[in-house]
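Participant: the amino acid sequence is not available; the structure is as follows:
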């Protein structure tokens, strides 16, 4: 069992930055490919970013490429999502996720966090 707890969400103005954190406990953090997903009101859950077990490889959804940076610190069992140049369309609940699969998608996540709200005002 892995418990994931997100933090760092909030209300910011467009163009601002936020850093989300996700702390993991339970089984070894480094065993999992980690991801961030988000769900905006009235929309399906959307892939944001993923990171390999070592942290050496990342990939991003098209809507956040160049603005968001995903990192992890396996020694601290924590992952981070640095979000820059935020836009109103980034408003959503952000979830961290852990998967034993090499590629993380909504269908193969083993563990989800409870989510943290990010609201970007125009």
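Facilitator: Right, received. Where do you want to start? This structure is a prediction, so every number in the text was calculated from the model and none was measured.

Participant: which residue is the nearest non-sequential neighbour of the residue most central in space within the chain?
Facilitator: Closest residue to the average C-alpha location of the chain: residue 36 at 2.5 Å, with C-alpha atoms, centre = their mean. Spatial nearest neighbour of residue 36, excluding adjacent residues (C-beta to C-beta, 6 or more residues apart in numbering): residue 48 at 4.1 Å. All C-beta atoms are positioned from the backbone trio N, CA, C, and that covers glycine.

Participant: the residue nearest to the centre of the chain falls within a helix, correct?
Facilitator: No: assessed with DSSP: H, G, I helix; E, B strand; the rest coil, residue 36 is strand; it does not lie in a helix.

Participant: can you classify the residue nearest to residue 36 by secondary structure?
Facilitator: With three-state DSSP as the basis, the three-state label of residue 48 is strand.

Participant: what about the strands in this protein?
Facilitator: 2-7, 10-13, 18-26, 33-39, 46-51, 58-60, 68-73, 78-83, 92-99, 111-112, 116-121 (DSSP state E).

Participant: tell me what residue 18 is bridged to.
Facilitator: residue 83 (DSSP bridges).

Participant: how many residues are close by it?
Facilitator: 20 (other C-beta atoms under 10 Å).

Participant: before we move on, back to that, ok, what's across the strand from the residue nearest to the centre of the chain?
Facilitator: residue 49, residue 96.

Participant: look up how far residue 122 lies from it.
Facilitator: 23 Å (C-beta to C-beta, to the nearest Å).

Participant: could you do residue 53 as well?
Facilitator: 38 Å.

Participant: comparing the two, which residue is more hemmed in?
Facilitator: residue 53 (17 against 9).
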